[in-house]
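Asks: Let me see the structure of the following:
(one chain, ligands or ions: 2)
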Amino acid sequence: MKLNNTTAQNSFKYGWLLSRIFPYIKPYMFRIILGFIIAVPFGLLDGVTAFALKPYMDYVIGAKTFEFDILNIHITITSIQMAVIIPFAVILFAVVQGVLRYLNGYLSTWTSQKITNDVKYDLFYRLIYMHPQFFDENSSGVIIQRYMGDPGTASAGIVEQLKTMTTSIFGALGLIGVMIYSSWKLAFIGVLVLCIAFVPVVLIRKRIKEASNRNMVIGGNITTNINETYSGNKVMAAYSLQERQYEYFKEQTHESFNVNMSLYKRSGWMSPLMYLIASFGIAIVLGYGTYLINSNQMTAGSFASFVTSLLLLYKPVKTLGNTLTGIQGIFVAMGRVFELFDLESEIKDCENPIELKGLNNGISFEHVDFEYIEGHKVIKDLTLYVKKNETLAIVGNSGGGKSTLVNLIPRFYDIKSGSIKIDDIDIRRYSLESLRHNISMVFQDNFLYTGTIKDNIMMGNPNASQEELEYAIKAAHLEEMIKELPDGIETMLGERGLTLSGGQRQRVAIARAMLRNAPIVILDEATSALDNESEAIVQKAMDNLMQNKTVFIIAHRLSTIKNADRIAVINEGELVELGTHEELINIKDGQYKVLYDVQFKKQEEMIPG
Ligand SMILES: Nc1ncnc2c1ncn2[C@@H]1O[C@H](COP(=O)(O)OP(=O)(O)O)[C@@H](O)[C@H]1O
Ligand SMILES: [Mg+2]
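Replies: Numbering: from 1, shown residues only. Ligands and ions are numbered 1, 2, ... in the order given. From the prediction side, this is the model:
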């Protein structure tokens, strides 16, 4: 499921897309419709100025008196009065239009933000439950782009554009109304030319889709690049990779420039062409209009109104043109968004899952095969039984599959064939949540979230009591450290907080695991990245965590391995030896003995114990 490769195939299925977005729009329907209702008079008011020109020309400039009857009252307006009334009327209408514009803008911003948020909530919710392999395969940049960028474009855009479209349409209709009122013949020519001018818009849809997809991928690459610059800043400094990062950034940014330029080259002729067609229309109208005035079929005022309307019409029509191209982009974004909605986590609960409530007998691996990539087995026909409260050390060459093996227990990945059972029931029969709830894990590098030390520890069990928390801190040998901190356990970690040393981080992670108090404990090279001194204290913390638990421990330290009940040697995905230290060391030419000779013996000589 590589997201780069999905290219919004759905972006032309308009009906399907609208039916998918509709549930998000529905809750805000009332406000959206209200916005549209406001948009109608707001659009129509564009015609007022143009319309005002007719009486202005005919009565003010033509120095005529305007007379009419309302409810049997005869009203006379002199040309002087008219000269005052009309400009004021124009201003008054502008004020009304301004108020409507504000209300309309407020409503559409409000609804579009709300809809975007709802889409983002649902999308993010799906993201957090995706299986680990999904995160392995997709870079952070692509994920950020697709999960946070597209929804904004898709749902905010749809309301924005609909709003612009309605105001433009009604703006155009108002002006066309004035034109028809002035002269239907001229209006007919004007509208006909307008329709012709629109043809090119329809032709550029596909190009926009391609460019938008390319830009999405590039945007993702750039975000990944920034993420990597951030996370890898030390490696970058140490190996002088700044120029490399810079080159890549420039390359991608330039690529985006190229995409946009090629899009413009292929679609930029549209607007000038529309202008050209429109100028033909204006030329025809001017000629024909002069003829109509000279043959007394039209007043100069009507003509002025008409020409003003025609010129004013350009704006809403142009906006409509832009909206139509903009909407293409929105549909492309929507296509991508709903593609994500259809991605399902590959690791999920079976039907009617059972709750795992603690461990009674043991954990068994039966002929387990596993592969990350089709055809490349990483675990091969592995059979192993670990009974309750046993500590199993896992050793073997690097890349042999040790981490993979332990990651299969909480179902970070599902096995290809065979089965893993807890108390004789396949782990796929348990609910994921209960399965994982029964496992505490500590890795080589443990992620601590932005927040206080307490927050990070309490993640192990948010319902833990103060006593349990204090015990976990003590058992993880964190007491001393916390005492020395200015804010104690409430000290902030991460982004703008305290940075912990490797050993301190591990102990916070151990306290977290301790608080969870799960019957199964998995330790994957938890002390590997530490110096001897920190290792010793983390080791003590780990010993506390391991007490009375069923433990899988991947370690490189001989003392840890020796203390385990049994040792499993994993080589190239196969379980090659299994037994106690004494048993394995005595296998002639055994794998464990080789490991012992090259790795462990040295430790034994260097550090006693
Ligand atoms: N997420 C992954 N996607 C694809 N291959 C992986 C992934 N994680 C590990 N591997 C591969 O699986 C093999 C076993 O890796 P791992 O279990 O980490 O070994 P160990 O922990 O024994 O050093 C290695 O060849 C490694 O490249
Ligand atoms: Mg490993």
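
Asks: Tell me who's in contact with Ile522.
Replies: 406, 409-410, 439-442, 551-553 (Cβ atoms under 8 Å, 6 or more residues apart in numbering). For the C-beta atoms, the positions are set from N, CA and C on the backbone; glycine is no exception.

Asks: Those: which two are farthest apart?
Replies: Pro410 and Ile553 (15.4 Å; Cβ to Cβ).

Asks: Contact residues of this structure facing ligand 1?
Replies: 136, 372, 378, 396, 398-404 (Cβ under 6 Å from any ligand atom).

Asks: Filter those down to the ones in strands?
Replies: 372, 378 (DSSP state E).

Asks: Now list the buried members of the residues of the chain next to ligand 1.
Replies: When the residues of the chain next to ligand 1 are checked for burial by 16 or more other Cβ atoms under 10 Å, the buried set is 378, 396, 400-404.

Asks: Kindly reformat those residues as a markdown table containing pLDDT.
Replies: Shown next, in a markdown table, are those (pLDDT from 0 to 100):
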| residue | pLDDT |
| --- | --- |
| Val378 | 96 |
| Gly396 | 92 |
| Gly400 | 94 |
| Gly401 | 95 |
| Lys402 | 96 |
| Ser403 | 95 |
| Thr404 | 96 |
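
Asks: In contact with the residue positioned nearest the centre of the chain, which residues are there?
Replies: Nearest to the geometric centre of the chain sits Tyr147, at 1.5 Å (Cα atoms, centre = their mean). Going by Cβ under 8 Å, 6+ apart, Tyr147 touches 120, 123-124, 127, 340.

Asks: Strands along the stretch 301-450 of the chain, start to end?
Replies: All strands of the stretch 301-450 of the chain, identified by DSSP state E, counting those that start in this stretch, fall at 362-373, 376-387, 391-395, 417-422, 425-426, 439-442.

Asks: Using a markdown table, please lay out those together with distance to Thr253.
Replies: Formatted as a markdown table, the strands of the stretch 301-450 of the chain follow (distance: least, Cβ to Cβ, whole Å):
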| stretch | distance to Thr253 |
| --- | --- |
| strand 362-373 | 32 |
| strand 376-387 | 36 |
| strand 391-395 | 46 |
| strand 417-422 | 47 |
| strand 425-426 | 50 |
| strand 439-442 | 40 |
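
Asks: lowest confidence element among the helices and strands of the protein?
Replies: Across the helices and strands of the chain, the lowest-confidence element by mean pLDDT, DSSP states H and E is helix 601-606, at a mean of 67.

Asks: confidence score at Ile293?
Replies: With respect to pLDDT, Ile293 has a value of 89.

Asks: With Gly174 instead?
Replies: At Gly174, the pLDDT recorded in the model is 87.

Asks: right, and the secondary structure at it would be what?
Replies: helix (DSSP: H, G, I helix; E, B strand; the rest coil).

Asks: Also the one 4 residues further on?
Replies: In the three-state summary, Val178 is assigned as helix, counting by three-state DSSP.

Asks: Which parts of the stretch 301-450 of the chain are helices?
Replies: 402-407, 432-437 (DSSP state H, counting those that start in this stretch).

Asks: Can you pull out the low-pLDDT segments for the stretch 51-200 of the chain?
Replies: Applying pLDDT under 70 to the stretch 51-200 of the chain picks out residues 200.

Asks: the helices in it, which residues?
Replies: 79-128, 132-137, 140-144, 150-151, 157-182, 184-203.

Asks: got the contact list for the residue of the stretch 51-200 of the chain found nearest ligand 1?
Replies: The nearest approach of the stretch 51-200 of the chain to ligand 1 comes at Asp136, 4.0 Å away (Cβ to the nearest ligand atom). Contacts for Asp136 (Cβ under 8 Å, 6+ apart) come out as Tyr372.

Asks: Ok, Gln133 next?
Replies: Applying Cβ under 8 Å, 6+ apart, the residues contacting Gln133 are 1, 346, 372, 413.

Asks: Would you mind giving those residues as a markdown table with pLDDT and distance to Gly358 added?
Replies: Shown next, in a markdown table, are those (pLDDT from 0 to 100; distance: Cβ to Cβ, whole Å):
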| residue | pLDDT | distance to Gly358 |
| --- | --- | --- |
| Met1 | 72 | 34 |
| Glu346 | 92 | 27 |
| Tyr372 | 94 | 31 |
| Tyr413 | 96 | 24 |
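
Asks: which one of the residues you listed has the most neighbours?
Replies: Tyr413 (20 neighbours; other Cβ atoms under 10 Å).

Asks: Which residue comes closest to that one once chain neighbours are left out?
Replies: Asn407 (6.0 Å; Cβ to Cβ, 6 or more residues apart in numbering).

Asks: Over to Lys416?
Replies: In space, Lys416 is closest to Asp369, 4.6 Å off (Cβ to Cβ, 6+ apart).

Asks: Tell me which residues touch that neighbour, please.
Replies: 377, 379-382, 415-418.

Asks: Next, count neighbours for Met514.
Replies: Neighbours of Met514 using other Cβ under 10 Å come to 30.

Asks: wait, I meant Thr550
Replies: Neighbour tally, Thr550, other Cβ under 10 Å: 23.

Asks: what bridges to it?
Replies: Ile520 (DSSP bridges).

Asks: Where do the domain boundaries of this structure fall?
Replies: According to automatic domain parsing, the chain comprises the domains 3-341, 362-606.
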